[in-house]
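Participant: Quick one: sequence and predicted model below, then my questions.
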Protein chains: 2
Amino acid sequence: MNHLVEKTTNIQAIYQGRIIDLQIEDVLLPNGETSKREVVKHPGAVGIIPITSEGKLVMVRQYRKALEKVIVEIPAGKLDHQEEPIACAKRELQEETGYVSNSMDFVVSFYTSPGFANEIIHIYVAGGLEKKEMALDEDEFLDVIEVSIEEAEEMIQNQIIHDAKTIYAVQYMQLKLAKKE
Amino acid sequence: MNHLVEKTTNIQAIYQGRIIDLQIEDVLLPNGETSKREVVKHPGAVGIIPITSEGKLVMVRQYRKALEKVIVEIPAGKLDHQEEPIACAKRELQEETGYVSNSMDFVVSFYTSPGFANEIIHIYVAGGLEKKEMALDEDEFLDVIEVSIEEAEEMIQNQIIHDAKTIYAVQYMQLKLAKKE
């Protein structure tokens, strides 16, 4: 794959923030020319597909400043420093929804925006849910809702569900059901 | 939804780049407290699911600087200024793969990283493919490959396919096949 690789010749730190850092990288292209790449560094995240005993999806409704819009998403959150993804998934599920799960299984991981960011999200499916206490971050506000797969499909049509990980989660459930039939 | 909305009280521009801008927004939270949000602005993008007459997916293998890794993705690209997503999808499909399509249909749109970026990606499925000339950007290097759904599933397992839009695309194909059976 050497005919595709870009070599870094310089890194300029632009911003170091609470959630993301931004840097500009000078690169040597495969043809010997040079270019610049804008790279957002992110600590990584988890997303959880929590399924109730009735087969409903537990989701959170929240305001997303970047979108200036309220959307419905699967519970998710970013990794704390050196936190294992599975530990993060259990923590975020309880913090955001109050649920603890006795069966949390890894599904897949994916980069969300490979063109400019290194954010990776690890997806888990959670069953055996038991309701305990929620514990939101101090600047976090959300509603917890439980929806059927049919309702979730309609929410995708209406762009109430409108982000990659949640649309993945709904499709994951649909595929699981389709394979059973 | 007013109990969730955050009001902007100030915007500080940090960086204006070639593909992304970064700004810090001061916000008034629903409880009257204040916080800061790091927001990456992106022009939006398209992703195309090109299906050959043999039912294979046309994909591109490329190096992603943000990930420091070569991955396989569906053809994609960012919107030019005021460009319609469908026009962008036709343009990027031909530029990256050489294929033109006589049937390009909208599938879904989704935000990739709602926690910190406004990037939205519009997904199209493209059939009736005819091979013409490729026209890559001058700093773009990639290989075009055609893979079966089974091969694509294996590439997900091996993290060769490793980004949200492409995993969505493979799942979309699987779901289409599962519904047919």
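Facilitator: The structure has been received and is ready for your questions.
Participant: And the longest helix along chain A, how far out from the chain middle?
Facilitator: Longest helix of chain A, by residue count under DSSP state H: helix A:164-180. From the chain centre to the centre of helix A:164-180 is a distance of 15 Å (Cα atoms, centre = their mean, to the nearest Å).
Participant: which helices and strands does it pack with?
Facilitator: Here helix A:164-180 is seen to pack against strand A:45-50, strand A:57-64, strand A:69-73, strand A:120-131, helix A:149-157, strand B:99-111, helix B:164-180 when contacts are counted using 3 or more Cβ pairs under 8 Å, 6 or more residues apart in numbering or on different chains; DSSP states H and E. Placement of C-beta: from N, CA and C, glycine included.
Participant: Take these and lay them out in a markdown table including distance to A:F110.
Facilitator: Below are those laid out as a markdown table (distance: least, Cβ to Cβ, whole Å):
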| stretch | distance to A:F110 |
| --- | --- |
| strand A:45-50 | 10 |
| strand A:57-64 | 19 |
| strand A:69-73 | 15 |
| strand A:120-131 | 6 |
| helix A:149-157 | 18 |
| strand B:99-111 | 13 |
| helix B:164-180 | 5 |
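Participant: Which one, of those, ends up nearest to B:E140?
Facilitator: Between B:E140 and the helices and strands packed on helix A:164-180, the tightest spacing by Cβ to Cβ is seen for strand B:99-111, at 16.2 Å.
Participant: Extract the C-alpha set from the closest one and format it as CSV.
Facilitator: What follows is strand B:99-111, C-alpha atoms only, in CSV (Å, rounded to 0.1, in the frame of the first residue of the first chain):
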residue,chain,number,x,y,z
TYR,B,99,-18.2,5.2,-13.4
VAL,B,100,-21.2,7.1,-14.4
SER,B,101,-24.6,5.9,-13.3
ASN,B,102,-28.0,6.1,-15.1
SER,B,103,-29.9,5.5,-11.8
MET,B,104,-28.8,7.5,-8.7
ASP,B,105,-31.3,7.3,-5.8
PHE,B,106,-31.2,9.1,-2.4
VAL,B,107,-31.1,6.7,0.5
VAL,B,108,-30.6,8.6,3.8
SER,B,109,-28.6,11.5,5.3
PHE,B,110,-26.8,11.5,8.6
TYR,B,111,-24.6,13.6,10.8
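Participant: who does that strand touch, helix- and strand-wise?
Facilitator: Counting by 3+ Cβ pairs under 8 Å, 6+ apart, the packing neighbours recorded for strand B:99-111 are helix A:164-180, strand B:45-50, helix B:85-97, strand B:120-131.
Participant: again, only using 10 Å
Facilitator: If contacts are counted by 3 or more Cβ pairs under 10 Å, 6 or more residues apart in numbering or on different chains; DSSP states H and E, strand B:99-111 sits against strand A:69-73, helix A:149-157, helix A:164-180, strand B:45-50, helix B:85-97, strand B:120-131, helix B:164-180.
Participant: and it, which residues are buried?
Facilitator: Buried residues in strand B:99-111, counted by 16 or more other Cβ atoms under 10 Å in any protein chain shown: B:99-101, B:104, B:108-111.
Participant: what's the answer for stretch A:132-151, then?
Facilitator: Using 16+ other Cβ under 10 Å as the burial criterion, the residues of stretch A:132-151 that qualify are A:141-142, A:144, A:147, A:149, A:151.
Participant: pLDDT below threshold where in chain A?
Facilitator: Residues of chain A that meet the criterion pLDDT under 70 lie in A:181.
Participant: Would you mind giving the domain segments of it?
Facilitator: Partitioning chain A according to automatic domain parsing yields domains covering residues A:2-41, A:45-180.
Participant: from those domains, which stretch is densest packed?
Facilitator: Among those, the stretch with the highest mean neighbour count (mean count of other Cβ atoms under 10 Å in any protein chain shown) is domain A:45-180, at a mean of 19.
Participant: related to what we said a few turns ago, among the buried residues of stretch A:132-151, which are in reach of chain B?
Facilitator: Within the set of those, contact with chain B (Cβ under 10 Å from any Cβ of the partner chain) is found for A:141-142.
Participant: Identify, from the buried residues of stretch A:132-151, the entry nearest to chain B.
Facilitator: Ranking these by separation from chain B, with Cβ to the nearest Cβ as the measure, puts A:F141 on top at 5.0 Å.
Participant: shouldn't that closest one be in contact with B:H3?
Facilitator: Yes - using Cβ atoms under 10 Å, A:F141 and B:H3 qualify as a contacting pair, with a distance of 7.1 Å.
Participant: shared neighbours of the two, which are they?
Facilitator: Shared contacts of A:F141 and B:H3 (Cβ atoms under 10 Å, 6 or more residues apart in numbering or on different chains): A:63, B:30-31.
Participant: Quickly list what A:L129 is bridged to.
Facilitator: On the basis of DSSP bridges, A:L129 is bridged to A:S101.
Participant: Let me know the helix or strand that the nearest residue to A:A13 once chain neighbours are set aside is in.
Facilitator: Taking Cβ to Cβ, 6 or more residues apart in numbering or on different chains as the measure, A:A13 lies nearest to A:Q23, with 5.2 Å between them; neighbours along the chain are not counted. Here A:Q23 sits within strand A:21-28, counting by DSSP states H and E.
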